[in-house]
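Peer 1: Give me a 3D structure for the following:
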Amino acid sequence: MVWMKRGAWILVALAVVYGGYLGVTAYLAGRQQAQSTPYATTTVSKGPVTDDVSDPGAIASATTTNVVAAVGGHVTAVEATVGQVVEAGAVLLQLSDDSGLGADVASAQAALIQAQAQLQADVDPAVNVTQAQIQAAEIQVQQQEQTVQQQERTLAELNVTAPFSGVVTAVAVAPGQTIGGGQGLLTLTDDSQSLAVIQVAESLLPEIAVGGPVSVNILSTGATLAGRITQVGTVPLGTTATASASVQPVTVVLSNPGSGLVAGAAAVATFTPTGPQARNASPFSATGVVAYPLTTTVSAQQAGTLASMVGTGQRVQAGQTLAVLTNAALQSQLDQAQLALQNERDNLSSLQDPEPASSATIEAQQAQVTALEQALALRQQAYANLQVLAPIAGQVTAIDVVPGMAVGQGMAVMTMIDPAALQAQVMVDELNVAQIHVGQAAQVTVAALGGQSLAGRVTAISPVAVVSNGVSTYQVTISIPQVAGMQSGMSVQATIEIASVADAVRVPAEAVQSGNGGSYVLVPDAQGVPTAQAVKTGVVGNVWTQVVSGLQPGQTIIVAVAQTGTTNTTAALRLGGGTPGARPAGGGGGR
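Peer 2: Residues are numbered from 1 along each chain as shown. From the prediction side, this is the model:
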């Protein structure tokens, strides 16, 4: 038994020694394998680190111009084609003279010639005055007087008056609103002839007659009004009463209207039989409604801004002002007409009594000549506008009219771009747009120009997203130099610099790994075994990553470890299972 116990202890001791031998052998083998695992190294350097966003887009014109017709007319000829490059001032379109602009020019020329002749007569009193001149001047005065009178009547129409006495039952506008000519302002009702339209059974019609007395109770007010029958079996004009085979409308004129009556108010009428065929003398009642036979919508005769107006429920008299509008243009036209009339009268007076003109008269006539010269120039310009000219030197991209088409003043007829002022427009994802700012540098690559890269800067960022398939993007505009061969619509790839450091401690981007809640790089220890070194990163680019702390310039790091057929347990434990080349955790500058 003793020998067996000793034997057992000896076996245990041998097993322990042998196990230790195996462990040391495995450890040394692991170290040797780690030391012999091939990897690539580099040194920590200093230099610039840049982070950027790259998105596709297209070349677009920085200047898009709508060609607008300055006058109205019908298109007689289209002188340009889509895609055509034209000089500024080139004729694009011809319009017909539908509004008599040529006649206006002739009239203005005649007026100017006459004013210039008068100015010459004022300067030189020796000019002979003929009877024909006096007669022409008298005609001018008469015509101008008619013009002033017409302008005064037009201006007076800004005061809207009541066409008859009554009560305002509704208003459609409020002071401060812009009113168009003919627009309805309010509803006026003549309640001096209030009626009650009562529905009477046809069997009772023989009991009553026109002129018979009626007592009408207004249910909404409780008032009882006296009236008389004016119509039997006829629907009054302006009411909504109906007739049938069993019921007929009876119209009653109320003798004391205006006591808070409103159209449509329910009423009960009590009739006293007075008809020639009356069969009993007992009064009977029937129901109906109050109606006003004269109701009209009062409208503005001229356009303007509503300054004041009566209110709903206000009682007015015929001719009373209901609303006042203002129109500075009409007042200005009257002022000009009055000034022209005074000048014509002065002219006639000087012809009838030819005396040397005063300096003030000469100055006034000179002012008249100047005004007529300006008017002639405006009319000549309007006539010239029948030719629509290119406002810029550029390319026609769209034509919106065809010959024979009616064109209104201010209507856009064509679209032009300036092909010499091009820019890049790219769509940036919503996840990156917050990092884009006006002034940031960009590189724009134009595929159609052999991949030529152009340096540019961000000039604008659209505040409105374009949503497609649930993805939001924002248009970013980049200024670029103008190069030969570049055209609007060409595809581009724009790379926008969003962060940069000029002199950073940096390592290759693929050397930085993430794991265990932080960033690290691999460095060889004294035995050459890859060991994780925690770092704090800054700007992260596609090529370089800035290291804020954890490494020094010149320090050796590992950028790649070769994969082997066996698992390096020691290295795996030290590296913590991170992902090489992933965006560093906890660092700055990442997208």
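Peer 1: Which secondary structure state is assigned to the most centrally placed residue in the chain?
Peer 2: With distances taken as C-alpha atoms, centre = their mean, the chain has Val464 as the residue nearest its mean C-alpha position (13.4 Å). What DSSP: H, G, I helix; E, B strand; the rest coil gives for Val464 is coil.
Peer 1: just Gln114 next, same as before
Peer 2: Gln114 ends up helix, using three-state DSSP.
Peer 1: Show me the helices in the stretch 201-350 of the chain, by range?
Peer 2: Taking DSSP state H, counting those that start in this stretch as the test, the helices found in the stretch 201-350 of the chain are 328-352.
Peer 1: surely Gln555 meets Lys46?
Peer 2: No: applying C-beta atoms under 8 Å, one finds Gln555 not in contact with Lys46, separated by 11.7 Å. Placement of C-beta: from N, CA and C, glycine included.
Peer 1: So for those two, which sits in the more crowded spot?
Peer 2: Applying other C-beta atoms under 10 Å to Gln555 and Lys46 shows that Gln555 carries more neighbours, namely 16 against 12.
Peer 1: ok, now which ones touch the more buried one?
Peer 2: Gln555 makes contact with Thr43, Val44, Val523, according to C-beta atoms under 8 Å, 6 or more residues apart in numbering.
Peer 1: By neighbour count, which of the residues you listed wins?
Peer 2: Counting by other C-beta under 10 Å, top hit in the contacts of Gln555: Val44 with 21 neighbours.
Peer 1: Quick check: phi and psi on Gln151?
Peer 2: The phi/psi pair for Gln151 (degrees, to the nearest 10) reads phi -70, psi -40.
Peer 1: when you give positions from now on, start the count at 477
Peer 2: All right, first residue 477 from here; so that's Gln627.
Peer 1: What's the separation between it and Ala813?
Peer 2: Look at Gln627 and Ala813: by C-beta to C-beta, to the nearest Å, they are 5 Å apart.
Peer 1: so what's the residue nearest to Ala757 when sequence neighbours are not counted scoring on pLDDT?
Peer 2: In space, Ala757 comes closest to Pro749 once its chain neighbours are excluded; the distance is 5.8 Å by C-beta to C-beta, 6 or more residues apart in numbering. Looking at Pro749, its pLDDT reads 88.
Peer 1: Likewise for the one 3 residues further on?
Peer 2: Listed pLDDT for Pro752 reads 76.
Peer 1: what about it, neighbour count?
Peer 2: Using other C-beta under 10 Å, Pro752 has 6 neighbouring residues.
Peer 1: Would you mark the buried spots in stretch 680-690?
Peer 2: Leu680, Leu681, Glu683, Ile684, Gly688, Pro689, Val690 (16 or more other C-beta atoms under 10 Å).
Peer 1: do stretch 552-572 as well
Peer 2: Quick answer for stretch 552-572 (16+ other C-beta under 10 Å): Val554, Ala556, Gln560, Val562, Leu568, Leu569, Gln570, Leu571.
Peer 1: ditto for stretch 542-552
Peer 2: Val543, Ala545, Val547, Gly548, Gly549, Val551.
Peer 1: Endpoints of stretch 528-545, how far apart?
Peer 2: Using C-alpha to C-alpha, to the nearest Å, the end-to-end distance of stretch 528-545 comes to 46 Å.
Peer 1: next one: stretch 654-667
Peer 2: End to end - C-alpha to C-alpha - stretch 654-667 spans 30 Å.
Peer 1: Where does pLDDT dip in the chain?
Peer 2: Counting by pLDDT under 70, the chain has low-confidence residues at 477-513, 601-604, 711-721, 732-736, 1037-1067.
Peer 1: Domains in it, by residue range?
Peer 2: Using automatic domain parsing, the domain parsing of the chain gives 477-512, 515-526+977-1056, 540-572+862-893, 635-662+773-802, 671-767.
Peer 1: Dump those to a markdown table, plus distance to Ile615.
Peer 2: Shown next, in a markdown table, are the domains of the chain (distance: least, C-beta to C-beta, whole Å):
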| stretch | distance to Ile615 |
| --- | --- |
| domain 477-512 | 118 |
| domain 515-526+977-1056 | 84 |
| domain 540-572+862-893 | 30 |
| domain 635-662+773-802 | 29 |
| domain 671-767 | 50 |
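Peer 1: For Gly961, which of those is the nearest?
Peer 2: Gly961 lies closest to domain 540-572+862-893 among those, at 14.8 Å (C-beta to C-beta).
Peer 1: From the chain's centroid, how far away is the closest one?
Peer 2: 24 Å (C-alpha atoms, centre = their mean, to the nearest Å).
Peer 1: before we move on, the earlier item: from the buried residues of stretch 680-690, which is closest to Leu595?
Peer 2: Closest approach between the buried residues of stretch 680-690 and Leu595, by C-beta to C-beta: Val690, at 79.4 Å.
Peer 1: hang on, the closest one packs against Val728?
Peer 2: Yes: using C-beta under 8 Å, Val690 is in contact with Val728, at 4.8 Å.
Peer 1: May I ask you to confirm that Thr552 is in contact with Pro879?
Peer 2: Yes: with contact defined as C-beta under 8 Å, Thr552 and Pro879 form a contacting pair (6.5 Å).
Peer 1: so what's the residue nearest to Ala757 up against?
Peer 2: For Pro749, counting by C-beta under 8 Å, 6+ apart, the contacting residues are Glu683, Ile684, Arg755, Asn756, Ala757, Ser758, Pro759, Phe760.
Peer 1: Now the fourth one: closest residue in space that isn't a chain neighbour?
Peer 2: Meaning Asn756. That would be Pro749: by C-beta to C-beta, 6+ apart, it lies 6.4 Å from Asn756.
Peer 1: And for Ser521?
Peer 2: Per C-beta to C-beta, 6+ apart, closest to Ser521 is Arg982, 5.9 Å.
Peer 1: neighbours around the residue lying closest to Val599 once chain neighbours are set aside, how many?
Peer 2: Counting by C-beta to C-beta, 6+ apart, Val599 lies nearest to Ile838, which is 6.2 Å off, once chain neighbours are set aside. Residues lying near Ile838 (other C-beta under 10 Å) number 14.
Peer 1: just to revisit the earlier point, the closest residue to the residue nearest to the centre of the chain other than its chain neighbours bridge partners, please.
Peer 2: In this structure, Val940 finds its nearest non-sequential neighbour in Tyr950, 7.7 Å apart by C-beta to C-beta, 6+ apart. Note on Tyr950: beta-bridge partners by DSSP bridges are Val904.
Peer 1: For Tyr950, give me its contacts.
Peer 2: For Tyr950, the contact set (C-beta under 8 Å, 6+ apart) comprises Met903, Val904, Glu906, Val909, Ile937, Ser938, Pro939, Val940, Ala941, Val942.
Peer 1: what's the distance between it and Val904?
Peer 2: 5 Å.
Peer 1: now swap in Ala591 and tell me
Peer 2: For Ala591, the distance to Val904 - C-beta to C-beta - is 64 Å.
Peer 1: In stretch 956-975, which residues are buried?
Peer 2: Buried residues in stretch 956-975 (16+ other C-beta under 10 Å): Ile956, Met962, Ser964, Met966, Val968, Gln969, Ala970, Thr971, Ile972, Glu973, Ile974, Ala975.
Peer 1: Same check on stretch 814-834?
Peer 2: In stretch 814-834, counting by 16+ other C-beta under 10 Å, buried: Leu815, Ala816, Leu817, Asn819, Glu820, Asp822, Asn823, Leu824, Ser826, Leu827, Ala833.
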